[in-house]
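Participant: What follows is a predicted protein model with its sequence.
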Amino acid sequence: MANDTPRAGSEKLQKVLAGHGLGSRRAMEQWIADGRIRVNGTVATLGDRVVASDALMVDGRALARKKQSHRHIQYNKPTGEIVSRSDPEGRPSVFRSLPRLLRQRWIAVGRLDFNTSGLLLMTTDGALANRLMHPATAIEREYAVRLLGGLAPEQEQALLEGVLLEDGLARFTDIQAGRGDGANQWYYVVIMEGRNREVRRLFESQGLTVSRLKRVRFGNVFIPSRIKAGKWADLTADEVTELYRLAGVATVP
């Protein structure tokens, strides 16, 4: 049964589990609902809160309650990979290319679709990942986009003012023209959220075809040219500190 009166210093169980790098808060809520978590020997329920002295068990194994040092990397995702650990179609996963972890797991900060390349942040801190992905945090994502043809002034204005998509109003906060490439034209666009295929759908709403799409920045992190497709690198201490500031969560030592 969920705790009716929160104890001093208590935290939501799913937040604590996510903070240990077991997965996102939503995933931890599902684990709790599935009966995989015990608190002090009792099967946990959604709404439970815990303190540092509570004993936690995951799938019958004790969970060490000491704070862990989290790790944060950037991965240059090539096209042709999925941001999932398994796929019924057998397509390659980004997780196969990441460094192995001990008693933690990588959590992707958002997703890039199968045909989109570029910057993908990975962290073992579920609380950080959850805040970075939350729409209310409104963190900038910048993309390099190659269009067949160019943007007419009225199309650019519509994309900046907002377009009503099937899942609500969407818009770019900035559009900058890049280099031309034959019949194609490159643009750099900035968006403040990460809805499914949102960049592509915005251009499609104007009758435009995206032939290439690459994320080049997430918040304060720019993907450097030295990190080739399919490779990763640890974030710098300054990049990590700024990500926690943007997310509005306390850092973990």
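Facilitator: Nice, thanks for sending it over. Numbers count the residues shown, from 1 in each chain.

Participant: so where do the helices sit in the stretch 101-250 of the chain?
Facilitator: With DSSP state H, counting those that start in this stretch as the criterion, the stretch 101-250 of the chain has helices at 126-133, 153-161, 198-204, 237-247.

Participant: The second one packs against which elements?
Facilitator: With contacts taken as 3 or more C-beta pairs under 8 Å, 6 or more residues apart in numbering; DSSP states H and E, helix 153-161 sits against strand 174-181. C-beta coordinates here come from the backbone N, C-alpha and C atoms, glycine included.

Participant: Check which strands are paired with the strand it packs on and give the direction for each one.
Facilitator: strand 184-191 (antiparallel) (DSSP bridges).

Participant: and the angle from the strand it pairs with to helix 153-161?
Facilitator: On the basis of axes from the mean of the first three to the mean of the last three C-alpha atoms, to 10 degrees, strand 184-191 is oriented at 20 degrees to helix 153-161.

Participant: that older thread, among the helices of the stretch 101-250 of the chain, which is the most enclosed?
Facilitator: Mean neighbours per residue, mean count of other C-beta atoms under 10 Å, is largest over the helices of the stretch 101-250 of the chain for helix 126-133, with a mean of 24.

Participant: how far out from the middle of the chain is that helix?
Facilitator: Between the centre of helix 126-133 and the centre of its chain there are 7 Å (C-alpha atoms, centre = their mean, to the nearest Å).

Participant: Between helix 237-247 and that helix, find me the angle.
Facilitator: Helix 126-133 runs at 70 degrees relative to helix 237-247, counting by the same axes, to 10 degrees.

Participant: Output the contacting helices and strands for helix 126-133.
Facilitator: Checked by 3+ C-beta pairs under 8 Å, 6+ apart, helix 126-133 has helix 13-19, helix 25-33, strand 107-108, helix 237-247 packed alongside it.

Participant: circling back: mean pLDDT lowest where, among the helices of the stretch 101-250 of the chain?
Facilitator: Mean pLDDT values for these show the minimum at helix 126-133, a mean of 90.

Participant: Please consider this matter closed, and thank you.
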